[in-house]
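Peer 1: After the sequence you'll find the predicted model.
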Amino acid sequence: MKKIFAALVGLVLATGISFADDSAKNDSRFGAGVKAAFNYGMMYGMEEDGEVESSPSGIGFEAGLMLRIKMIPNLYFAPEFNYNLISTSHTVYKEERTYTASDLEIPLLFRGVVADKFYFTAGPQVVLTLSSSAKIPV
């Protein structure tokens, strides 16, 4: 039940806060905005001999800058530059283990406006791992 509640809270927080101008109403060639979101993450594949209570899970955040460049009517190039940090933990042999990772995410997105308020977004994403650490008691 605790995991289900944590997953629901993570889902609600993952919707994030976005402050960007509305591309459907604003016909300017360029636009910019900021983005912030909370993440809930889980690591799988932590099979070990011994008492493993659960897979590592935890929360993190993401913050970044969003850009929008009009290419042709109803088609935009919308790259983002996001910093992502997540910390997960779990218990093995009654010892707490913590894993922390930070990344720079660069989605190179294209946005097509289908109707006045609807659009689709697609494109590749480059992820650069800035740091990764594990705190494992010995």
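Peer 2: Cool, the structure landed.

Peer 1: what's around Pro107, how many residues?
Peer 2: In terms of burial, Pro107 registers 18 neighbours under the definition other CB atoms under 10 Å. Glycine gets a C-beta too; all of them are placed from N, C-alpha and C.

Peer 1: beta partners for it?
Peer 2: Here Pro107 sits in beta bridges with Gln125, as judged by DSSP bridges.

Peer 1: Just the pLDDT for it.
Peer 2: In the prediction, the pLDDT value recorded for Pro107 is 94.

Peer 1: OK, contacts around it?
Peer 2: Counting by CB atoms under 8 Å, 6 or more residues apart in numbering, Pro107 touches 79-80, 82, 123-126.

Peer 1: which residues of the protein fall in strands?
Peer 2: 17-20, 30-42, 57-72, 75-92, 95-113, 119-122, 125-135 (DSSP state E).

Peer 1: Could you pull out the buried residues of the fifth one?
Peer 2: This points to strand 95-113. Taking 16 or more other CB atoms under 10 Å as the neighbour-count basis, strand 95-113 is seen to contain the buried residues 97, 99-103, 107, 109, 111.

Peer 1: Relative to Ile72, which of the residues you listed is nearest.
Peer 2: Checking the buried residues of strand 95-113 against Ile72 by CB to CB gives Arg111 as the nearest, at 11.9 Å.

Peer 1: quick one: contacts for the closest one?
Peer 2: Listed by CB under 8 Å, 6+ apart, the contact partners of Arg111 are 23, 68, 75-78, 119-121.

Peer 1: How about Ala122?
Peer 2: 109-110.

Peer 1: Setting the sequence-adjacent residues aside, check what's closest to Arg68.
Peer 2: Counting by CB to CB, 6 or more residues apart in numbering, Arg68 lies nearest to Gly31, which is 3.9 Å off, once chain neighbours are set aside.
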